[in-house]
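Participant: Dropping the sequence and predicted coords here.
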Amino acid sequence: MGGRMSSQAAADGLLNEARGLVFFAFPLHPPKQPGTKRAEHLSKVQVAMLFLQGTRDALADLKLLRPICKDLGPRATLHVIETADHSFHVLKKSGRSDEEVLRELAESTAEWAGRIAG
């Protein structure tokens, strides 16, 4: 399931067995149409949430996403990937390969999952 659909299902109480949600590039808004309406339901999600976002993601302006995560409190963790777009491709000048970024995403997810599993 996609991030928005999963979080809406969780907000509606349909994912009762879930211990957490991982969003690989949460689609906060359409391209070039910044807004937060798509995140209004997140306050109803009662499980931990990990947001993995790139600084160049055209679907999630970090200036909008950061305060949302802050308002969600300890349920939300934001992990930012410098120069990554919505597909986590990074600029060549970053000096990183896509493989390195994917490894970082996997390691961050595993570490976060370990923390919420107790």
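Facilitator: Right, received. Where do you want to start?

Participant: Look through every helix and strand of the chain and give the one with the lowest mean pLDDT.
Facilitator: Counting by mean pLDDT, DSSP states H and E, the chain has its least confident helix or strand at helix 3-11, which shows a mean of 93.

Participant: where in the chain is pLDDT low?
Facilitator: 1 (pLDDT under 70).

Participant: chain center to the lengthiest helix in the chain, what's the gap?
Facilitator: As assigned by DSSP state H, the longest helix anywhere in the chain is helix 98-117. Once both centres are worked out by CA atoms, centre = their mean, to the nearest Å, helix 98-117 turns out to sit 12 Å from its chain's centre.

Participant: contacts for that helix?
Facilitator: With contacts defined as CB atoms under 8 Å, 6 or more residues apart in numbering, helix 98-117 is touched by 19-20, 22, 24, 48, 50, 52, 77, 79, 81, 84, 88-90. (Each C-beta comes from the backbone N, C-alpha and C, glycine too.)

Participant: one step back: so what does the least confident helix or strand of the chain touch, helix or strand wise?
Facilitator: The helices and strands touching helix 3-11, judged by 3 or more CB pairs under 8 Å, 6 or more residues apart in numbering; DSSP states H and E, are strand 20-24.

Participant: tilt between the strand it packs on and helix 3-11?
Facilitator: Calculated by axes from the mean of the first three to the mean of the last three CA atoms, to 10 degrees, strand 20-24 forms an angle of 160 degrees with helix 3-11.

Participant: now the next helix or strand after strand 20-24: how far from the chain's centre is it?
Facilitator: Note on strand 20-24: by DSSP states H and E, the next helix or strand toward the C-terminus is strand 48-54. Centre-to-centre, strand 48-54 and its host chain are 3 Å apart (CA atoms, centre = their mean).
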